[in-house]
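Chemist: Pasting the sequence and the predicted coordinates here, then a few questions.
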Amino acid sequence: MFFSVVLSFLFATPAIDVLHAWDAARAHAFVAADRSALAGLYADGSRAGARDLKLFDRYDAAGVGVTSMRTQIFAARPGAVSSRRVSIEVVDRVVATGADGSRCLRLPSSPARAERVTLRRRDGRWVVSSVNGAGQWPARR
């Protein structure tokens, strides 16, 4: 019971709500094959955005369309939250499926990793400005 109460508290924070909505928009951009929408989810100069666009381009060049994408969040710890900036530490991974016109494919999943995600408001929308390793959080047992 205690564990579910703690999870409910963690996942009811504004920071996690912002991240969930952003993850859904990212998945939609991949599934819709909308490179422009994907690029618009990142701040100018974001290294995370450059990595995502490179992945998008690799799938496109290989003729693979993403059919589903989901971010699995295993742990979350909100950081700074304001009306213009949200920071959250998460342990997450992305799983996706795709198709190449003749068959369904299980796309490579990212390993679960601890990251600090910072989002900023731009033109009334949240964009990712940085994704960095979160160090040793959560502590290993």
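Modeler: That came in fine, so what should we check first?
Chemist: And the residue nearest the centre of the protein?
Modeler: Nearest to the geometric centre of the chain sits Asp23, at 4.5 Å (Cα atoms, centre = their mean).
Chemist: tell me the secondary structure for it?
Modeler: helix (DSSP: H, G, I helix; E, B strand; the rest coil).
Chemist: Pretty sure it sits against Thr71.
Modeler: Yes - Asp23 lies in contact with Thr71 (Cβ atoms under 8 Å); the separation is 4.2 Å. To be clear about C-beta, it is placed using only N, CA and C from the backbone, and glycine gets the same treatment.
Chemist: got any ranges where this protein has weak pLDDT?
Modeler: Low-confidence segments of the chain, defined by pLDDT under 70, span residues 1-13, 134-141.
Chemist: quick check: longest strand of it.
Modeler: Longest among the strand segments of the chain by residue count, using DSSP state E, is strand 65-81.
Chemist: And it, what's buried?
Modeler: Gly65, Val66, Met69, Thr71, Ile73, Ala76, Arg77, Pro78 (16 or more other Cβ atoms under 10 Å).
Chemist: Could you pull out the strands in the chain for me?
Modeler: 65-81, 85-99, 104-107, 113-122, 125-133.
Chemist: With distance to Ile16 added, can I get those strands in JSON lines?
Modeler: Formatted as JSON lines, the strands of the chain follow (distance: least, Cβ to Cβ, whole Å):
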{"stretch": "strand 65-81", "distance to Ile16": "5"}
{"stretch": "strand 85-99", "distance to Ile16": "7"}
{"stretch": "strand 104-107", "distance to Ile16": "25"}
{"stretch": "strand 113-122", "distance to Ile16": "10"}
{"stretch": "strand 125-133", "distance to Ile16": "12"}
